[in-house]
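J.: what shape does this take:
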Amino acid sequence: LALAIAIQGALGPSAPVEASAASEREGIGKLDHLIFIVQENRSFDHYFGTFPGADGLPVDPVDGKQRACIPDPILGGESCTFHSDEPKAVGGPHDWESSAIGVNGGAMDGFIEALPRTKRWCKDRTAPECAWTLGPDRQPDVLSWKDEREIPNYWRYAEEFVLQDRLFAPADSWTLPAHLFLVSAWSASCADANDPMSCVSNKDLKPDAERWEYGEGPVYAWTDITWLLDQHGVSWGYYVAPGTCSFEDCHAYERQIGPSGNTPAAKNPLPGFTTIYETEQQDSIQTHDDFLDVLEDGTLPSVSWIIPGNAVSEHPQSSRGIRAGQAYVTRLVNAVMESDAWDSSAIFITWDDWGGFYDHVPPPQVDQLGYGIRVPGLLISPYAKHGYIDHQTLSFDAYLKLIEDRFLDGERLDPLTLGRPDSRPIVREELEILGDLREAFDFSQEPRRPLILDPTP
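T.: Just a heads-up that it's a prediction; the model follows:
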């Protein structure tokens, strides 16, 4: 491949469905490659709140404009959402306590109230150095939104393929729990790293992050999806930025937002699972360059996760802002589209948590861990429906369910069937509320042609 990865509205109807539900879903065998690209810290309304037909920012009945206004305990009265063309942002706190404040029992009006919980927020909005973070009426940038002017490629993917407007973060918490859910459908702490039955649900996990990031070795004893993939002989790859830390040379998670191109350990939890060592699959954790290599030589695994380095993560405090993140993702998508794997691939793009940014949709409470606040989701595939908005309730558990349905004969991460001790309290993939990602495909259509976009429009 010639490409290289840089170092780092109102709710409208879905698109018309012409094929029967059966024909849409029975062709799942046409997907030989499932690819998951996971960026950082953006809410749905922040990126797609004004996208036509999506469940976006509410419409003001007076002037017909899309906006939401919430209490502002700093300025008094209310502050309203606003468009921002600033490529960087401050964002807000995004731990479980901040989520509870923001959601406020479903009122979704506590996002400004939660701001003082973070060290990074400009508490004094009159300070000159904070001016770039504020809206025209001194609103904090957690109320800001973007559109096709700032993220044209993401909007183009949504226009041409599938936008998911009810994709919720798997946990009402920060990065590490989200990435644990991404690969295991659970976030927990284990008293004994060698005893899966010692694990209990936990959506904070900062002490655990410190333990293994400072070199204590695996700390997650429950079963992740790679263990099941290994049992079924299914190939997988987890691709991180070159130079990403190992047990021996990691730095504390507090340092994850800096100029480094590395992938922080909180976004690379697989080395913390005992299962990775039981199955001797450490070598499946590779770099972005390795992903390009397997595309070029025709050995792309069945399942791939691609996790960014800091500089291109789109984290609000990342050094290069959202344009660098969009360019990185576009290069990845272009690389898949220009490879022989395109005709049998599905690419999912999402963001791990809401980053403190406003969203107006209350997240469903499915267990003590989540769901979390809504995040953007895109599906790109030659079999994706055209210009389709998927209104199903989804979370990262839907990704695992699709992997299981396609490659594992529907076997779930279920303690009753795993054949390995596991103490998870529920099987997230079997929740009645969870939608089916297959609904967004039309396997009866001719494979769609690649849509090669300029990474830096």
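J.: and Phe82, bridged to which residues?
T.: Using DSSP bridges, the beta-bridge partners of Phe82 come out as Ser144.
J.: hmm, it is touching Val142, no?
T.: No: between Phe82 and Val142 there is no contact under C-beta atoms under 8 Å: 10.8 Å. Every C-beta, even on glycine, is put in place using the N, C-alpha and C of the backbone.
J.: what residue of the chain is the furthest out?
T.: Going by C-alpha atoms, centre = their mean, the residue of the chain most distant from its centre is Val62, 35.1 Å out.
J.: which residues touch that residue?
T.: For Val62, the contact set (C-beta atoms under 8 Å, 6 or more residues apart in numbering) is empty.
J.: now do the same end-to-end measure for stretch 416-435.
T.: One end of stretch 416-435 sits 23 Å from the other (C-alpha to C-alpha, to the nearest Å).
J.: which parts of it are buried?
T.: By 16 or more other C-beta atoms under 10 Å, the buried positions in stretch 416-435 come out as 418, 422-424, 426-429, 431, 434-435.
J.: just to revisit the earlier point, of Phe82 and Val142, who's got more company?
T.: Val142 (28 against 15; other C-beta atoms under 10 Å).
J.: average pLDDT across stretch 66-75?
T.: The average of the pLDDT scores along stretch 66-75 is 94.
J.: contact partners of it?
T.: Taking C-beta under 8 Å, 6+ apart as the rule, stretch 66-75 contacts 9-10, 45, 49-50, 56-60, 77-82, 108-113, 115, 125, 138-139, 143, 358, 360.
J.: now, those that are in helices?
T.: Counted as lying in helices by DSSP state H, out of those, are Asp45.
J.: and the spatially most central residue of the chain, bridged to which residues?
T.: Residue closest to the mean C-alpha point of the chain, counted by C-alpha atoms, centre = their mean, is Trp351 at 2.9 Å. Going by DSSP bridges, Trp351 is paired in beta bridges with Gln39.
J.: buried sites along stretch 281-296?
T.: Applying 16+ other C-beta under 10 Å to stretch 281-296 flags 281, 284-288, 291-292, 294-296 as buried.
J.: could you dump those into a markdown table and include distance to Phe181?
T.: Formatted as a markdown table, the buried residues of stretch 281-296 follow (distance: C-beta to C-beta, whole Å):
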| residue | distance to Phe181 |
| --- | --- |
| Gln281 | 19 |
| Ser284 | 19 |
| Ile285 | 18 |
| Gln286 | 22 |
| Thr287 | 23 |
| His288 | 22 |
| Phe291 | 22 |
| Leu292 | 27 |
| Val294 | 25 |
| Leu295 | 27 |
| Glu296 | 31 |
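J.: export these to TSV and tack on secondary structure, pLDDT and distance to Arg448?
T.: Shown next, in TSV, are the buried residues of stretch 281-296 (DSSP: H, G, I helix; E, B strand; the rest coil; pLDDT from 0 to 100; distance: C-beta to C-beta, whole Å):
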residue	secondary structure	pLDDT	distance to Arg448
Gln281	coil	92	33
Ser284	helix	94	30
Ile285	strand	92	31
Gln286	strand	92	29
Thr287	strand	91	29
His288	helix	94	25
Phe291	helix	96	22
Leu292	helix	96	22
Val294	helix	97	23
Leu295	helix	97	18
Glu296	helix	96	22
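J.: out of those, who's nearest Leu270?
T.: Closest approach to Leu270 among those (C-beta to C-beta): Ile285, at 5.8 Å.
J.: could you look up the SS state of the closest residue to that closest one other than its chain neighbours?
T.: Distances taken as C-beta to C-beta, 6 or more residues apart in numbering place Tyr238 nearest to Ile285, at 4.8 Å, with adjacent residues excluded. Using DSSP: H, G, I helix; E, B strand; the rest coil, the structure places Tyr238 in strand.
J.: any idea how far Arg117 is from the nearest residue to Val366 once chain neighbours are set aside?
T.: The shortest distance from Val366 to any non-neighbouring residue, by C-beta to C-beta, 6+ apart, is to Leu431 (5.6 Å). Plainly put, Leu431 is 30 Å away from Arg117 if you go by C-beta to C-beta, to the nearest Å.
J.: low pLDDT regions in the protein?
T.: 1-25, 119-124, 126, 206-217, 243-261 (pLDDT under 70).
J.: helices and strands around the longest helix seen in it, which ones?
T.: The longest helix of the chain (DSSP H) is helix 321-337. Counting contacts by 3 or more C-beta pairs under 8 Å, 6 or more residues apart in numbering; DSSP states H and E, helix 321-337 packs against strand 33-39, helix 152-160, helix 288-297, strand 345-351.
J.: nearest to Tyr383, out of those?
T.: Nearest of those (C-beta to C-beta): strand 345-351, 7.3 Å.
J.: next structured bit after that closest one?
T.: Using DSSP states H and E, the helix or strand that follows strand 345-351 in sequence is strand 377-380.
J.: and the next helix or strand past that following strand?
T.: strand 388-390.
J.: chain center to that next one, what's the gap?
T.: Remark: strand 388-390 is offset 17 Å from the chain centroid, using C-alpha atoms, centre = their mean, to the nearest Å.
J.: show me the contact partners of that strand.
T.: Contacts with strand 388-390, where a contact means C-beta under 8 Å, 6+ apart, come from 12, 14-15, 53-54, 161-166, 377, 379, 435, 439-440.
J.: highest neighbour count among those?
T.: Gln164 (30 neighbours).
J.: does that residue touch Ile380 like I think?
T.: No: judged on C-beta under 8 Å, Gln164 makes no contact with Ile380 at a distance of 11.6 Å.
J.: narrow the contacts of stretch 66-75 to those in strands?
T.: Of the contacts of stretch 66-75, the ones assigned to strands by DSSP state E are 78-80, 82.
J.: ChimeraX command to pick out the buried ones of these?
T.: A single ChimeraX command suffices to select whichever of the ones in strands among the contacts of stretch 66-75 are buried according to 16+ other C-beta under 10 Å:
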select :79,80
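J.: closest to Ile35 among the ones in strands among the contacts of stretch 66-75?
T.: Phe82 (34.4 Å).
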